[in-house]
Structures are given as structure tokens and as C-alpha cells.
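**Student:** Please work out how this folds:
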Amino acid sequence: MKIDLIYPKIPENSDKFHGKCIAFEKYDGTNLHWKWNLQEGWHLFGTRRTQFTFNAKGINGFRFDHIGLSHAPDIFNETLRDKLTMFLCKHGVFSTCDVTLFTEFHGPNSFAGDHEISDEHTLTIIDVMMNNKLLDPELCNQYFSKFGSARMIFQGKYSGQFAEDVRKGKYDVNEGVVCKGLVDGETFMTKIKTNDYLKRLRQR
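**Tutor:** Numbers count the residues shown, from 1 in each chain. Prediction:
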């Protein structure tokens with residue numbers, strides 16, 4: 001089923017930050033979402049613009065529409081589902097909310113949204129929403145890093161020099177970084193891609 005964009009678009013190279021931020025590795029993959037609440041458990045999932053019921057029928061529909069992502073539900077069930085369910089149920093701050101978990105589906109040969117079906121893929125947690133509001137990035141990292149979240153590579157003041165260092169490959173990242181922080185009390189994000197990645201993208 002088609003849905004409105006469930007994960008916000010991230011602007012590139014924004015200078016909107018005025019204070020500290022946290023930069024996480026940006027993985028070259030596909031953004032998937034997984035919805036949970038205490039009454040229904042894990043009941044919906046999909047991409048940024050499609051959503052399916054998290055049951056056998058919905059999984060089959062997802063696989064038909066997204067062949068390259070076909071084993072993502074199996075990876076979620078095998079590596080995240082039980083651990084996250086226990087965690088969310090035990091923490092009252094989450095158990096009373098509608099929770100949306102966002103993961104990046106990626107593998108060693110993923111590039112620009114394409115995936116090799118034969119690869120071993122990973123689901124890396126990149127964000128969490130509570131009642132459709134993004135969780136504070138520091139709290140998200142605190143709560144979910146133990147489940148395999150995006151690697152934090154920098155914490156401090158956002159600057160033009162930091163952005164330039166990312167572009168020039170100072171940090172050990174494939175695609176780039178996503179910088180997150182609070183702006184006017186809301187989680188704000190901007191992305192910076194490496195020059196090397198952009199070059200490979202143009203040559204594709």
C-alpha cells in the first residue's frame with residue numbers, strides 16, 4: 001500500500017545547526033520502517049513510501065513489490081524482533097506509545113538503493129519515532145545502540161570545517177554522515193556525502 005513519506009527528507013549541507021550535533025555514519029542502503037505498540041506488537045512495516053501488514057500475506061506482498069529487499073523481514077525477525085519487544089515492553093516511556101523503528105537495509109555490494117540478493121545483509125537502526133515524533137538523537141543512541149544502531153563518528157559543534165573533512169574522506173565512511181541535533185526543540189538532520197561517493201555515483 002502506498003503511503004505518505006514516513007521518514008523525513010534530509011537536506012544536504014545545511015547550516016541550520018547553532019550548537020552541538022552528533023554525526024552518524026550514513027549507510028548506502030534502503031530505509032525500512034517497523035511499527036509497534038503494546039496492543040498489536042509489530043504489526044506494520046515497509047519502505048519510506050509503502051506499508052504492509054506484518055503477517056504472512058503482507059510479507060509476501062512486500063517481497064513481490066520489493067524483490068531486492070525480500071529477506072529483510074526474516075532478518076528483522078531473526079535479529080531484532082524478540083530483543084526489541086522485550087525492551088519496549090519493559091520501558092514505560094515506549095510501552096505507552098506507538099513506536100516506529102527505522103532501519104537501513106544494506107550489504108557489502110549495496111549501492112544507490114540497489115542490492116545483490118545473494119549478499120549477506122544487515123538491518124542497522126538509524127532512528128526511532130514515538131507517536132510520529134523523532135526521538136532526541138542522544139536518547140535514541142543511548143537506548144538503541146546496543147541493538148545495532150548507526151555508528152557515531154563525531155560529537156561536537158557543527159562547522160564548515162567538519163563538513164569539508166567528511167567530504168574529503170577524513171572519516172572512515174563509505175557514503176557520508178548524517179548530523180543530528182535539536183533545533184527549536186525538534187530533531188533536525190542534515191547529510192554530508194563524501195566526494196568519493198559522489199564521484200562513484202556520477203560514474204554509475
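
**Student:** Name the residue closest to the centre of this structure, please.
**Tutor:** Of all residues in the chain, the one closest to the mean position by CA atoms, centre = their mean is Ile126, 3.0 Å from it.

**Student:** Okay, and His33 sits in which element?
**Tutor:** Using DSSP states H and E, His33 maps to strand 30-37.

**Student:** which helices and strands sit right next to the very next helix or strand once past that strand?
**Tutor:** Using DSSP H and E, the next helix or strand after strand 30-37 towards the C-terminus is strand 41-46. Applying 3 or more CB pairs under 8 Å, 6 or more residues apart in numbering; DSSP states H and E, we find strand 41-46 packed against strand 30-37, strand 52-53, helix 56-65, helix 81-90. C-beta here means a position set from N, CA and C on the backbone, and glycine is covered the same way.

**Student:** Strand 41-46 - which strands sit beside it in the sheet, and in what orientation?
**Tutor:** Strand 41-46 pairs in its sheet with strand 30-37 (antiparallel), strand 52-53 (antiparallel), by DSSP bridges.

**Student:** any idea of the angle it forms with helix 56-65?
**Tutor:** Angle, strand 41-46 to helix 56-65, by axes from the mean of the first three to the mean of the last three CA atoms, to 10 degrees: 20 degrees.

**Student:** who touches strand 41-46?
**Tutor:** 1, 3, 6, 32-37, 51-54, 58, 62, 73, 76, 81, 85 (CB atoms under 8 Å, 6 or more residues apart in numbering).

**Student:** How confident is the prediction for Leu182, by pLDDT?
**Tutor:** Predicted confidence (pLDDT) for Leu182: 88.

**Student:** Let me know how buried Lys83 is, in neighbour terms.
**Tutor:** Lys83: 12 surrounding residues under other CB atoms under 10 Å.

**Student:** Asn109 touches Glu116, doesn't it?
**Tutor:** Yes. Counting by CB atoms under 8 Å, Glu116 is a contact partner of Asn109 at 4.4 Å.

**Student:** What ranges in this protein fall below the confidence cut-off?
**Tutor:** For the chain, the stretches with pLDDT under 70 are 18.

**Student:** and Leu101, what does it touch?
**Tutor:** Residues in contact with Leu101 (CB under 8 Å, 6+ apart) are 33-36, 80, 84, 125, 128.
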